[in-house]
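J.: here is my input, please return the structure:
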Amino acid sequence: SDPEPARIPSVAQRAGKLLSFDENGDPSTALPIADSSTELRQEIVSGSLLTASMVSGVSRNIADVATLRATAGRFDGEPVNLLAYGEGFSNGGGGGLLYWDAASTAADDGGITFAVSGVLTGRWVRRVERFVDAAWYGLPLASGSCITQDAAIEAYCFANKISAWYGPGIYDFGDSNWSWSGVRKAGQPLKDYEGVRIYSCPEAIFRTTSVGGADVMQCCGIKNFGVIGYPTVTAILNNVDDTLSGSNALSLVFGAVDCVFELTVKDMPGIYKSTGAIDGGQGFSIQPGAGNTNPYSNVILRGSVDGA
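T.: Okay, the predicted model is just below:
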């Protein structure tokens, strides 16, 4: 039988090398031959030569957006499966399939495009097909105003002529003007939302929270726009000062053409003025505005008003 074999080389001696045997049959180390199949296998195992074709159909799972923004892609076109937007999002809310665009330097908009911390070039981009889901932007929020996320959704939908879905939950716009609007100035052309709609449901609550009054849906100079599905529209007014204003559900200012609104209006707060007039508190109002030259035509309103 063979004599007791010599001990294999130490960890430091064999690191990055191949284990082989010398002419006496004793273990030794050797460097792999450059460009050999053995060297190639080592690089594949280490991940340095991982390519799209090698992981075809296989996606990494990313827990949430915070983790996504800390994880760079490994190659152009790499797919990942975002499990949820973040903590508190059940059933995969805000999740979905994204891919790594290695050449992108687009701004992180919080929903469709995500930058990775410390990475100048390369972005995670969400695959968008039929609509944009507000949950992709982390909505609805647990508290506070969502006007920043709402503005990002509007910007993407308008630029790409695609509709948005707002599911159940509270969408509070604070005291800000609604994002879905044209220029808030008389004499401007109507903003054309052709191909863009908001789809929603009665369990979705659109509201403002203000001291001085804030209309929930104030649309200025629009055409070919619609809100479908009867979301609930309401407002919170934190004042009793009759020198300030109330809030309306839907206000069309500076013209509106070929629009449809399906709304469930509830408890819109108005202010009784010392003059005897009531400011706000309306489910729907038309405010032509000084200097307006745009028409109002073919505006369809459907739904119900309770407490306005």
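J.: list the buried residues of stretch 114-123.
T.: 114-116, 122-123 (16 or more other CB atoms under 10 Å). In short, each C-beta sits where N, CA and C put it, glycine included.
J.: what about it, distance to the chain center?
T.: On the basis of CA atoms, centre = their mean, to the nearest Å, stretch 114-123 sits 17 Å off its chain's mean C-alpha point.
J.: can I get that stretch as PDB, trimmed to CA atoms?
T.: Output of stretch 114-123 as PDB, limited to C-alpha atoms (Å, rounded to 0.1, in the frame of the first residue of the first chain):
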ATOM      1  CA  PHE A 114     -34.600  53.700  -9.000                       C
ATOM      2  CA  ALA A 115     -31.000  54.800  -8.600                       C
ATOM      3  CA  VAL A 116     -28.500  52.900  -6.500                       C
ATOM      4  CA  SER A 117     -26.600  54.700  -3.900                       C
ATOM      5  CA  GLY A 118     -23.000  55.500  -5.100                       C
ATOM      6  CA  VAL A 119     -23.700  54.300  -8.700                       C
ATOM      7  CA  LEU A 120     -23.700  57.200 -11.200                       C
ATOM      8  CA  THR A 121     -24.600  55.200 -14.300                       C
ATOM      9  CA  GLY A 122     -27.200  52.300 -14.200                       C
ATOM     10  CA  ARG A 123     -30.700  52.300 -13.000                       C
END
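J.: before we move on, the earlier item: which ones among the buried residues of stretch 114-123 lie within strands?
T.: 114-115, 123 (DSSP state E).
J.: just the C-alphas of the top helix by length along the chain, formatted as PDB.
T.: Identified as the longest helix of the chain according to DSSP state H is helix 147-160. Written as PDB, here are the backbone C-alpha positions of helix 147-160 (Å, rounded to 0.1, in the frame of the first residue of the first chain):
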ATOM      1  CA  ILE A 147     -48.500  65.200  -3.400                       C
ATOM      2  CA  THR A 148     -44.900  64.400  -4.300                       C
ATOM      3  CA  GLN A 149     -45.700  60.800  -5.300                       C
ATOM      4  CA  ASP A 150     -48.900  61.900  -7.000                       C
ATOM      5  CA  ALA A 151     -47.000  64.500  -9.100                       C
ATOM      6  CA  ALA A 152     -44.500  61.800 -10.200                       C
ATOM      7  CA  ILE A 153     -47.300  59.500 -11.300                       C
ATOM      8  CA  GLU A 154     -48.900  62.300 -13.300                       C
ATOM      9  CA  ALA A 155     -45.700  63.200 -14.900                       C
ATOM     10  CA  TYR A 156     -45.000  59.700 -16.000                       C
ATOM     11  CA  CYS A 157     -48.500  59.000 -17.200                       C
ATOM     12  CA  PHE A 158     -48.800  62.200 -19.200                       C
ATOM     13  CA  ALA A 159     -45.400  61.800 -20.800                       C
ATOM     14  CA  ASN A 160     -46.100  58.100 -21.800                       C
END
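J.: quick check: buried residues in it?
T.: Applying 16+ other CB under 10 Å to helix 147-160 flags 147, 149-154, 156-158 as buried.
J.: show residues contacting it.
T.: Residues outside helix 147-160 that contact it (CB atoms under 8 Å, 6 or more residues apart in numbering) are 109-112, 128, 132, 134, 137-139, 141, 162-164, 171, 173-174, 176, 178-180, 191, 193, 196.
J.: again, only this time at 7 Å
T.: 109-112, 132, 134, 137-139, 163-164, 171, 173-174, 176, 179-180, 193, 196 (CB atoms under 7 Å, 6 or more residues apart in numbering).
J.: and the buried ones among the residues you listed, selectable in ChimeraX?
T.: Isolation of the buried members of the contacts of helix 147-160 (16+ other CB under 10 Å) is achieved in ChimeraX through the command below:
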select :109,110,111,112,132,134,137,138,139,163,164,171,173,176,179,180,193,196
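J.: filter the contacts of helix 147-160 down to the ones in strands?
T.: Secondary structure from DSSP E places 132, 163-164, 171 of those in strands.
J.: among the residues you listed, which one lies nearest to residue 73?
T.: Using CB to CB, residue 132 comes nearest to residue 73 of the ones in strands among the contacts of helix 147-160, at 22.3 Å.
J.: now the closest one: closest residue in space, sequence neighbours ignored.
T.: residue 164 (4.7 Å; CB to CB, 6 or more residues apart in numbering).
J.: how much space separates the one you found from residue 171?
T.: Going from residue 164 to residue 171 by CB to CB, to the nearest Å gives 11 Å.
J.: about what we covered before: can I get the buried residues of stretch 114-123 in TSV with distance to residue 238?
T.: As requested, the buried residues of stretch 114-123 are exported to TSV (distance: CB to CB, whole Å):
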residue	distance to residue 238
114	35
115	37
116	40
122	45
123	40
